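[1] Here is a sequence together with a model predicted from it:
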Amino acid sequence: MVVDYQVMDDDVSRRMQESCKNAMAPPEIKLLPSNCVVPANFLNYEQRIRDMDVRPDDVWVCSFPKCGTTWTQEMVWLLGNNISFSGAKSLELYKRFPFLDFTGLWPENCTDIPDSISFIENLPSPRFIKSHLPPSLLPKQLFIVNPKIIYVHRNPKDAAVSYFHHFQLWNNYTGTLDEFLEAFVEDKLVFSPFWEHVLSFWELKGRENVLISSFEEMKHQDLSKVLKKTADFLGVTYTEEQEIEILDHLSFKSMKNNPMVNFENDIKEIGKENMAFIRNGEVEGWKKEMTPEIAEKFDIWTKEKLNESDFPSYLNKHIN
């Protein structure tokens, strides 16, 4: 099947492409009709992903990048694996809960990148699968077989700033923060468009097999409530003693210092020990890095995108 796409050759996209070298690929094409932005190499994997077999006992965690994905994955994996702290501490999360889209995010000439699709296809059940793709690019069987799907979203300002640091780490991004944020709000980064991504999953909220959560709920409100909500969704129970252990394991300090989730060894291998995959984990941390002018652009953009949606924007108190 020939996939229709548009090459991204506007000035903003070209600056992004020029600022990312010798690492994970930059935004290069826009798939149609979804408008999802991906590297060109993703075309080699798009159909394989769409045709992938889905199992009823799969558990999927989906999100736009930097919206609390890793945090949610670790929670879900523990709940789905008899709260095995020994298992969680003995194997990296990306092997326990692999990233479906991973292989297609690298340049085509990176021959040493493992095939994430084959890895997942060969896993025993139940499988735990992560993806940043919108619903229209996920396996066709996903919405027929109907396994458990957990979607986590986040304030786009915090997500954007976190994504900037992520791009510095994994994409060797050398451009400025303002240029990156401009690309984010113009929906010209990998996995953009942001609000279309969020709203496409929000539309699935009435399905019994779909749970919607947010970074803000986990961080700013009450992690124990999110844990209980997720456990109920997965049909899992735990004792009060286990809850205390789980919450400690999922605390920001524990996650940041846990080599099974923080990519510590991978970061050392690429010589970026001064950087971190899990950084601050803050709500409204964007205020420390985003200029008022850029913040206003985000607010206007968000208002436009949510104009006809019932999405309960957690941004309203920050928008005049």
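    It's in.
[2] Let me see the ranges of the strands in the stretch 151-300 of the chain.
    210-214 (DSSP state E, counting those that start in this stretch).
[3] so where do the helices sit in it?
    Taking DSSP state H, counting those that start in this stretch, the helices of the stretch 151-300 of the chain run over residues 156-170, 177-185, 194-202, 215-216, 223-234, 240-249, 252-256, 264-269, 292-305.
[4] Which among those is found nearest to D112?
    Closest of the helices of the stretch 151-300 of the chain to D112 is helix 264-269, at 12.2 Å (criterion: C-beta to C-beta). (C-beta placed from N, C-alpha, C; glycine too.)
[5] Make JSON lines out of the helices of the stretch 151-300 of the chain and add distance to Q17, mean neighbour count and mean pLDDT.
    Below are the helices of the stretch 151-300 of the chain laid out as JSON lines (distance: least, C-beta to C-beta, whole Å; neighbours: other C-beta atoms under 10 Å; pLDDT from 0 to 100):
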{"stretch": "helix 156-170", "distance to Q17": "12", "mean neighbour count": "23", "mean pLDDT": "89"}
{"stretch": "helix 177-185", "distance to Q17": "10", "mean neighbour count": "20", "mean pLDDT": "95"}
{"stretch": "helix 194-202", "distance to Q17": "19", "mean neighbour count": "20", "mean pLDDT": "96"}
{"stretch": "helix 215-216", "distance to Q17": "29", "mean neighbour count": "22", "mean pLDDT": "90"}
{"stretch": "helix 223-234", "distance to Q17": "37", "mean neighbour count": "17", "mean pLDDT": "95"}
{"stretch": "helix 240-249", "distance to Q17": "39", "mean neighbour count": "13", "mean pLDDT": "92"}
{"stretch": "helix 252-256", "distance to Q17": "31", "mean neighbour count": "14", "mean pLDDT": "74"}
{"stretch": "helix 264-269", "distance to Q17": "24", "mean neighbour count": "13", "mean pLDDT": "62"}
{"stretch": "helix 292-305", "distance to Q17": "21", "mean neighbour count": "15", "mean pLDDT": "93"}
